[in-house]
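Student: need coordinates for the below:
(4 chains)
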2 protein chains.
Amino acid sequence: MTKNEFIKTFSVFRNSSDELLKEFLAIARHQDVPAGKRIYSEGDACPVIAFVVSGEIRVFKTGQTGREITLYEIGPGETCILNASCILSGTSYPANAVTISDVTMLLIPSSDFRRLVDRHEEMRDFVFALLSRRLSGVMELVEEVAFGRMDERLLDYLIEKSENGKLETTHQNIANDLGTSREVVSRLLKDLERKQEVRLSRNSIVLLKT
Amino acid sequence: MTKNEFIKTFSVFRNSSDELLKEFLAIARHQDVPAGKRIYSEGDACPVIAFVVSGEIRVFKTGQTGREITLYEIGPGETCILNASCILSGTSYPANAVTISDVTMLLIPSSDFRRLVDRHEEMRDFVFALLSRRLSGVMELVEEVAFGRMDERLLDYLIEKSENGKLETTHQNIANDLGTSREVVSRLLKDLERKQEVRLSRNSIVLLKT
DNA sequence: TCTTCTCTGTGACTAAGTCACATACATCCC
DNA sequence: GGGATGTATGTGACTTAGTCACAGAGAAGA
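Tutor: Reported below is the predicted structural model:
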């Protein structure tokens, strides 16, 4: 990957020293991962840190009952900050991660990453900013889960995830993102359909009231 | 505060350079805050960062209905990492904080803190470690809230918070920590009393089955 | 003792999650 | 086309959690 390609995706580094960019790109190993592949599981060690060039990764927790909840998603120009967190604090991975589309990423071994963070202010700023954004985000999620109504959370979710008022996914997938069960999602969606707010069919939800 | 007093509480800095310690202590402003005082509210800016020398601070979120949930507590030798997070990423405070006992802390203006982090590896390590511990902790909390049963969460809470099998607090305070309502706590405690697992009286809960 | 304030108890109702099972849709094979 | 199979969705009955309204108990001061 060239310097220019890198900067295009990781725009925070656009004004960074040539030294940092050269070092980074010399170390980085390019990797492609197909959609639906588990990247990390809870308790894993973190030998490398991943910088996502394209595609999306879902980070989630699992309950004993098998229910799941999405903590956040990682997109292009971001890094799997939990890797950073593990590496810099020497702990193991506290959640699960899976690719939700084909993903291209740059891998940096943890020892090299540590050195980059120590040497380069831009790298530190990047990591701090992302780490604190995640912390805020997960705190926000606690608030939603603890106090929010499921029907409202579902509606917000539909609006956020839909493209042109349409969403192609299963009720189970929605439940896994929201941390509830498939039945609850099915029932709430049916209520919305009765209120003429959505049209349902297999693998598809169409928003009517925009 | 002398260097030795500081190191006693913030033991991670015990092997740090004299330079860092001197600089830190020259900048730090000592402050005492009585119990029950609001330190930050959601949306506040962070002009300073607080290093807690003694006492405890509770960090929590509030819902529209007035319910609260504790995200974590800050004790001696820790810093209010959300301050750090705000300062280093330039955002505002995403939660509320209140002293739960008399607190003594050292305040560092944000610009000075930024400089300390840039210059000293030990300070970076300290901040990263705490930040990632908090992130893990809050993720754990999401899991508990999303999937845990309230009776089990309550029991865990009682065991964790009790001293010599005794706990002096109100049902409302417990509810505020767990993110539920006072009635739910009262009912579940009554159930535990009927099962001979606790003895209840005003402002006090005694664990019987240790 | 009376008043006032805080804390706790409880019934009735709504929201959310679980369990069990029925039904619908899609795909592949013949 | 017509089955067979697998995945996705619908729904009733039940349990757990949260809300609302209000009753009653304990503490503390006048």
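Student: residue A:3 - how many residues pack around it?
Tutor: 14 (other CB atoms under 10 Å in any protein chain shown). The C-beta positions use only the backbone N, C-alpha and C, and glycine is treated the same way.
Student: spatially nearest residue to it (excluding sequence neighbours)?
Tutor: Nearest residue to residue A:3, sequence neighbours excluded (CB to CB, 6 or more residues apart in numbering or on different chains): residue A:21, at 5.2 Å.
Student: any weak-confidence spans in chain A?
Tutor: Filtered on pLDDT under 70, chain A yields the residue ranges A:210.
Student: give me the most central residue, chain A.
Tutor: Here the mean C-alpha position of chain A is nearest to the C-alpha of residue A:73 (CA atoms, centre = their mean), at a distance of 1.4 Å.
Student: just checking, what packs against the strand or helix carrying residue A:140?
Tutor: Taking DSSP states H and E as the definition, residue A:140 sits inside helix A:121-147. Contacts defined by 3 or more CB pairs under 8 Å, 6 or more residues apart in numbering or on different chains; DSSP states H and E place helix A:121-147 against strand A:68-74, helix A:81-89, helix A:110-119, strand B:57-62, strand B:68-74, helix B:81-89, helix B:110-119, helix B:121-147.
Student: which one of those lies closest to DNA strand C?
Tutor: helix B:121-147 (7.0 Å; CB to the nearest atom of the strand).
Student: tell me the residues of chain A that contact DNA strand C?
Tutor: Counting by CB under 7 Å from any atom of the strand, chain A comes close to DNA strand C at A:65, A:67, A:149-151, A:179-181, A:183-184, A:188, A:201-202.
Student: now, which of these lie within strands?
Tutor: Those of the residues of chain A next to DNA strand C mapping onto strands are residue A:201, per DSSP state E.
Student: quick revisit: quick one, which of the helices and strands packed on helix A:121-147 is nearest to residue A:160?
Tutor: Nearest to residue A:160 among those is strand A:68-74 (11.1 Å), distances taken as CB to CB.
Student: show me what that closest one is packed against.
Tutor: On a contact count with 3+ CB pairs under 8 Å, 6+ apart, strand A:68-74 meets strand A:57-62, helix A:121-147, helix A:171-178, helix B:121-147.
Student: so which of those is nearest DNA strand D?
Tutor: helix A:171-178 (3.7 Å).
Student: can you tell me which residues contact the nearest residue to residue A:126 once chain neighbours are set aside?
Tutor: Nearest residue to residue A:126 in three dimensions, chain neighbours excluded: residue A:12, at 5.4 Å (CB to CB, 6+ apart). Residue A:12 sits next to A:77, A:122, A:125, A:126, A:129 when contact means CB atoms under 8 Å, 6 or more residues apart in numbering or on different chains.
Student: residue A:34 too?
Tutor: A:99, A:102.
Student: where's the residue nearest to residue A:126 relative to residue A:121, distance?
Tutor: Separation of residue A:12 from residue A:121 (CB to CB, to the nearest Å) stands at 12 Å.
Student: again with residue A:184
Tutor: Residue A:184 is 47 Å from residue A:121, by CB to CB.
Student: these two: which is more packed in?
Tutor: Between residue A:184 and residue A:121, counted using other CB under 10 Å, residue A:184 has the larger neighbour count: 16 against 13.
Student: tell me the spacing between that one and residue B:8.
Tutor: With CB to CB as the criterion, residue A:184 and residue B:8 are 52 Å apart.
Student: cool, and residue A:93?
Tutor: Distance, residue A:93 to residue B:8, using CB to CB: 33 Å.
Student: residues from chain A in reach of DNA strand D?
Tutor: Residues of chain A lying close to DNA strand D by CB under 7 Å from any atom of the strand are A:147, A:170-172, A:182-183, A:186-187, A:189-190, A:193, A:200, A:202-203.
Student: mind picking the two most distant members of the residues you listed?
Tutor: A:147 and A:202 (33.1 Å).
Student: who's more crowded, the two?
Tutor: Higher neighbour count among residue A:147 and residue A:202: residue A:147, with 18 against 5, using other CB under 10 Å.
Student: how about that one, what does it touch?
Tutor: Residue A:147 touches B:61, B:63, B:64, B:65, B:67, B:69, B:179, counting by CB under 8 Å, 6+ apart.
Student: how about a cut-off of 7 Å?
Tutor: By CB atoms under 7 Å, 6 or more residues apart in numbering or on different chains, the contact set of residue A:147 is B:63, B:64, B:65, B:67.
Student: give me the buried subset of the residues you listed.
Tutor: Buried members of the contacts of residue A:147, scored by 16 or more other CB atoms under 10 Å in any protein chain shown, are residue B:67.
Student: near chain A, which of the contacts of residue A:147 show up?
Tutor: Applying CB under 7 Å from any CB of the partner chain, the subset of the contacts of residue A:147 adjacent to chain A comprises B:63, B:64, B:65, B:67.
Student: OK, contacts around the third one?
Tutor: For residue B:65, the contacting residues are residue A:147, by CB under 7 Å, 6+ apart.
Student: what about residue A:204, neighbour count?
Tutor: Around residue A:204 there are 13 residues (other CB under 10 Å).
Student: now it, nearest residue through space, not along the chain?
Tutor: Nearest residue to residue A:204, sequence neighbours excluded (CB to CB, 6+ apart): residue A:168, at 5.3 Å.
Student: now do the phi/psi pair for that neighbour.
Tutor: Dihedral pair for residue A:168: phi -110, psi 100, per degrees, to the nearest 10.
Student: test my guess that it contacts residue A:206.
Tutor: No. Residue A:168 lies out of contact with residue A:206 (CB atoms under 7 Å); the separation is 9.9 Å.
Student: doesn't residue B:94 make contact with residue A:136?
Tutor: Yes. Taking contacts as CB under 7 Å, residue A:136 lies within contact range of residue B:94: 4.2 Å.
Student: more neighbours: which of the two?
Tutor: residue B:94 (24 against 20).
Student: A strand includes that one, no?
Tutor: No. Under DSSP: H, G, I helix; E, B strand; the rest coil, residue B:94 sits outside any strand and is assigned coil.
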